[in-house]
Structure formats: structure tokens, C-alpha cells
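Participant: Based on what follows, work out the 3D shape:
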Amino acid sequence: MNRNFAKKTVLRTMLGAIFAVCAVASAHADDLRQLYHEAILADANFLVTQADVSAQREALPQARSQLLPNLSFSGSKSRNDTEHEGQGLLGPTKNQYEYDSHNYVLSVRQALFRPAAVASYLQSRAQVESADAILEWAVQDIAVRVGSAYFDVLSAQSDLDVNKAQQDAYAAQLTYTERAFTAGAGTRTDIDEARSRLDLAKAQALELQYRLEYVQDALRTLVNRPLTPLAALDPQRLELARPDPERLEDWILEAETVNPKLKSLRANVEVAEKEIWKMKSGHLPTVDLFAQRSKSESENNNTIGSKYDTKMVGIQVNIPIFSGGYVNSTVRQSYAALEKQRQQLEATRRDINLDVRKQFDAATQGVHWVKAYEQAVKSAEQTLFSTKKGFQAGKRNNLDILNAEQNLASARRDLNRGRFQYVMARLQLLALVGRLDDTEMTRFNNWLAKSER
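Facilitator: Below is the predicted model:
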């Protein structure tokens with residue numbers, strides 16, 4: 001992906017965000033795509049990156065200016081009053097002169113041979129490529145952050161809903177055991193066990209509520225406005241499928257080729273290479289072509305009334321001879337900086353390969369995990385049903401029912417978390433290969449339940 005394509009991609013994303021926000025401004029409903037578009041326009045961290053990239057892009061025209069002609073004009077005009085005292089043949093003399101003087105100079109200079117300026121220009125091009133890649137990564141990153149915050153809220157709300165269902169089940173069981181004890185058909189232990197489970201569930205609810213409020217604040221910070229209830233993940237819409245392509249090696253190769261972080265670091269390596277060239281040019285001469293025209297009148301009291309019109313064209317050569325070892329030192333420093341950039345690129349490449357492997361495995365295995373959790377919920381529901389039947393027949397006790405309720409709640413919680421983890425693995429995997437654009441965010445958004453607008 002070249003620099004122009006990257007800039008167009010980011011621009012399309014920004015324009016899409018503006019249009020999408022305007023289109024749903026009055027809908028009073030929040031979903032993943034809506035919040036993603038709003039975050040692009042409101043998230044402070046993204047806006048910081050965007051402004052920083054805009055500033056870094058100016059390095060290119062600044063470097064180019066050092067290779068283009070430099071035209072300057074200077075001029076002065078003054079009123080002069082001079083007193084002159086001297087010694088003449090007849091004694092001391094005193095003269096006073098009053099006159100106007102002016103001087104105008106127009107000059108142009110064109111670099112003919114400036115290796116450092118050429119190196120700076122090529123270096124600035126690489127710097128802009130690095131900056132564009134950083135902005136491209138920022139777009140991927142904000143999609144991941146919004147997605148992570150969004151599904152964190154859904155996960156926290158899901159855990160709280162499961163806890164509420166637990167409380168209702170434990171409360172109903174407590175009521176049943178209290179009535180049975182009053183009728184002489186139960187024990188005090190049954191009541192204590194049911195009340196203990198209910199109290200524990202209520203205590204856990206406080207922690208879950210705190211977590212929900214925290215993740216809601218995190219999502220709210222990204223869009224900088226209050227939230228409305230979020231569209232929930234719809235299990236019927238969720239696409240459980242292996243990543244495409246299905247080979248891990250293909251994903252790793254794609255990440256090494258197009259990952260924005262790696263593109264930025266490769267550009268930084270090029271910047272460091274050009275820095276060596278620039279520092280080595282300290283040993284080379286520079287050659288400039290210059291032309292100048294100047295006009296002056298009465299420049300001093302010896303040339304009162306004299307006018308000069310001077311035209312000059314020439315070549316200026318500057319040859320460095322000795323700078324105390326400064327140039328050699330900067331060259332060695334530049335080689336060390338280049339090695340640093342190469343090692344940072346290699347370290348990041350390895351980290352990204354590891355992240356790709358991790359998210360690919362999570363997305364691949366997530367299909368099986370979600371299906372396994374769905375079966376576990378069905379089994380837990382059947383177990384609870386059978387346990388209640390056994391309790392009515394006198395073959396099961398109250399503790400068996402409470403344990404079955406706990407197992408069902410745990411299975412439902414694990415199923416919901418498994419779905420969210422699968423979605424996030426798919427989302428993060430696409431970000432690692434630079435594919436998490438508006439189209440993909442819309443696809444993830446389609447997995448949510450349709451909200452009423």
C-alpha cells in the first residue's frame with residue numbers, strides 16, 4: 001500500500017464517520033459502527049495522532065525547499081546628516097553634508113551540488129511514509145479500542161444478567177425451603193444453604209455492577225458523550241467461521257507485508273539510512289549558482305551623488321577541510337541509530353507474528369469453544385430440570401438443586417464470554433493485517449441485535 005493509497009483510505013474512513021454520525025444523529029440508539037464513527041471524530045488520542053501526522057508531513061515541503069531556488073530582496077533608504085572636521089592649509093575646517101542614500105539588492109541562489117540537502121529530501125519522504133503508516137495504524141487501533149470497550153460493556157452486562165437470574169433462582173428456592181420447613185417437610189439446613197447462595201450472589205452483583213460502570217465509562221470516554229443502551233450480540237446473527245484464509249502462515253505473511261506498525265518501522269529504517277548519507281556528506285563540498293543585482297546611490301559621504309548599478313553571476317564552492325572529528329562522530333552515531341531501528345523492526349515483527357498466532361488460534365478455536373459452551377448450557381439446563389424432578393420424587397436434596405443452578409449460571413456466563421472473546425479475536429486479527437476498515441466494522445455490527453430506532 002503506497003502513501004497516497006493510505007491517505008485516501010484514512011480520508012474515506014473520516015468522511016464515512018462524518019456522514020454516518022450525521023445520518024444517525026437523531027436515531028437515539030448506539031451500536032458498534034455508530035460508536036466507531038463517533039470515536040474517530042471525538043477520541044482525543046486519535047486526534048493527537050492525526051495532528052502529529054499532519055505536522056510531520058510538512059517535513060517534505062521543507063526539505064524540498066532546500067533544493068529549489070532561493071530568491072531574496074533587501075533594501076534601505078535613509079536621510080543622512082554628516083559633520084566633518086579636518087585640518088586644512090588655512091587651519092581647522094568644518095563641513096556639514098545632508099543627503100539621501102539608498103541601496104537595493106535582489107539576489108537568487110540555486111543549489112547545484114548539496115548532498116546533505118538531497119539526503120534530507122529523501123529522508124523526509126521516508127518520514128512522511130512512516131507518519132502515514134502511523135495514522136493508518138491509529139485507525140485500526142481505534143476500531144480495536146472501540147470494539148474492545150463495546151464488548152466489555154456487553155460482557156459485563158451479560159454477567160450481571162446471569163447473576164440476576166441466579167438471584168431469582170436462589171430467592172425462589174429460599175422461599176420454597178422456608179415454606180417446606182414451616183410445613184414440616186424441610187430442614188433448617190436447606191434454608192441456610194439457600195440463603196447463603198443468595199447472599200453470595202448479591203455480593204457478587206455489587207462487584208459486577210462496579211465493573212459494568214467502569215467499562216461504560218471507558219466506552220463513554222472514547223465518544224465523549226453519554227451512552228444509550230447498546231445493541232446486544234445476537235447469537236442467531238453471529239457468524240461462527242474459521243478465519244479466511246485458513247492457513248496461519250498466510251496471515252503471518254500478510255501481517256509482515258502490510259501491518260501499519262511494520263510499515264512505519266521500515267520507513268524509520270530508511271530514515272536512519274539516509275541520516276548516514278547526510279552525515280557523510282559533511283566531508284563533501286557544496287556548489288551553488290548565484291546571481292545578484294544591486295542599485296545604490298550616495299552610499300557614504302565620499303560618494304554623494306554617485307549611482308551604482310551592479311550585476312553579478314557566479315558559482316560559490318564551499319570545501320570543508322577539518323571540523324575536529326565532528327563529522328566522523330556523527331557518522332558513527334548514525335550507524336548506531338540505524339542498528340537501533342533495525343532491531344526495533346525485528347522485535348516488533350516477532351511480537352506481531354506472536355499476536356497473529358494468538359488471535360488466529362483464538363478465532364479458530366473460538367468456533368469450537370462457542371459450540372462446546374452451547375452444548376454445556378443445554379446439558380446444564382437438562383441437569384437442572386432432572387434434579388428438580390428428582391427433588392420432587394425425594395431422590396435429590398436442596399443442595400443438589402442449588403449446585404445445578406450454579407452450574408447453569410456458570411455455563412451461561414462462559415458461553416457469553418466465549419462469544420465475546422471469539423468476536424474480539426476476529427476483530428484484532430483483522431487489525432493486525434490492516435483490514436479492519438469500515439466495511440469490516442459494519443460486518444461485525446450486523447452480528448448485533450437490531451435496535452429499535
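Participant: The stretch 151-300 of the chain: strands as residue ranges?
Facilitator: 286-297 (DSSP state E, counting those that start in this stretch).
Participant: Scan the chain for its longest strand.
Facilitator: Secondary structure of the chain per DSSP state E: the longest strand is strand 91-113.
Participant: Report the buried residues of that strand.
Facilitator: Using 16 or more other CB atoms under 10 Å as the test for burial, strand 91-113 gives 99, 101, 103, 111. In this view, the C-beta of every residue, glycine as well, is placed from N, C-alpha and C.
Participant: which residues touch the residue nearest to Pro115 when sequence neighbours are not counted?
Facilitator: Spatially, and ignoring its direct neighbours in sequence, Pro115 is nearest to Ser281 (3.6 Å; CB to CB, 6 or more residues apart in numbering). Counting by CB atoms under 8 Å, 6 or more residues apart in numbering, Ser281 touches 115-116, 119.
Participant: Mind checking which of the residues you listed are buried?
Facilitator: Among these, the ones that count as buried (16+ other CB under 10 Å) are 115-116, 119.
Participant: Looking at the residues you listed, which one is closest to Lys395?
Facilitator: Ala119 (86.6 Å; CB to CB).
Participant: ok, now how distant is the closest one from Ser281?
Facilitator: Using CB to CB, to the nearest Å, Ala119 is found at 6 Å from Ser281.
Participant: for Ser296, same thing?
Facilitator: Counting by CB to CB - Ser296 and Ser281 are separated by 37 Å.
Participant: Surely Arg357 touches Ile252?
Facilitator: Yes. Using CB atoms under 8 Å, Arg357 is in contact with Ile252, at 7.3 Å.
Participant: who has more neighbours, those two?
Facilitator: A count of neighbours by other CB atoms under 10 Å puts Ile252 above the other of Arg357 and Ile252, at 19 against 14.
Participant: Tell me which residue is most central in this protein.
Facilitator: Ala138 (2.4 Å; CA atoms, centre = their mean).
Participant: For that residue, pull up the helix or strand it's in.
Facilitator: For Ala138, the host element (DSSP states H and E) is helix 115-182.
Participant: Confidence-wise, which helix or strand of this structure is lowest on average?
Facilitator: helix 3-23 (a mean of 51; mean pLDDT, DSSP states H and E).
Participant: Remind me what the helix or strand that comes right after that helix packs against, helices and strands.
Facilitator: Counting by DSSP H and E, the next helix or strand C-terminal to helix 3-23 is helix 32-42. When contacts are defined as 3 or more CB pairs under 8 Å, 6 or more residues apart in numbering; DSSP states H and E, helix 32-42 packs onto helix 3-23, helix 115-182, helix 188-223, helix 438-445.
Participant: okay, now the domains of the chain?
Facilitator: 3-67+114-284+320-445, 70-81+93-113+285-319 (automatic domain parsing).
Participant: Tell me the pLDDT of the residue of the chain most remote from its centre.
Facilitator: In the chain, the greatest distance from the average C-alpha position (CA atoms, centre = their mean) is reached by Leu90, at 88.2 Å. pLDDT recorded at Leu90 is 73.
Participant: now Thr303
Facilitator: Looking at Thr303, its pLDDT reads 73.
Participant: again, but for Lys202
Facilitator: Confidence for Lys202, expressed as pLDDT, is 95.
Participant: so it touches Tyr170, yeah?
Facilitator: No. Lys202 lies out of contact with Tyr170 (CB under 8 Å); the separation is 9.1 Å.
Participant: more neighbours, those two?
Facilitator: It is Tyr170, of Lys202 and Tyr170, that has more neighbours when counted by other CB under 10 Å, with 25 against 14.
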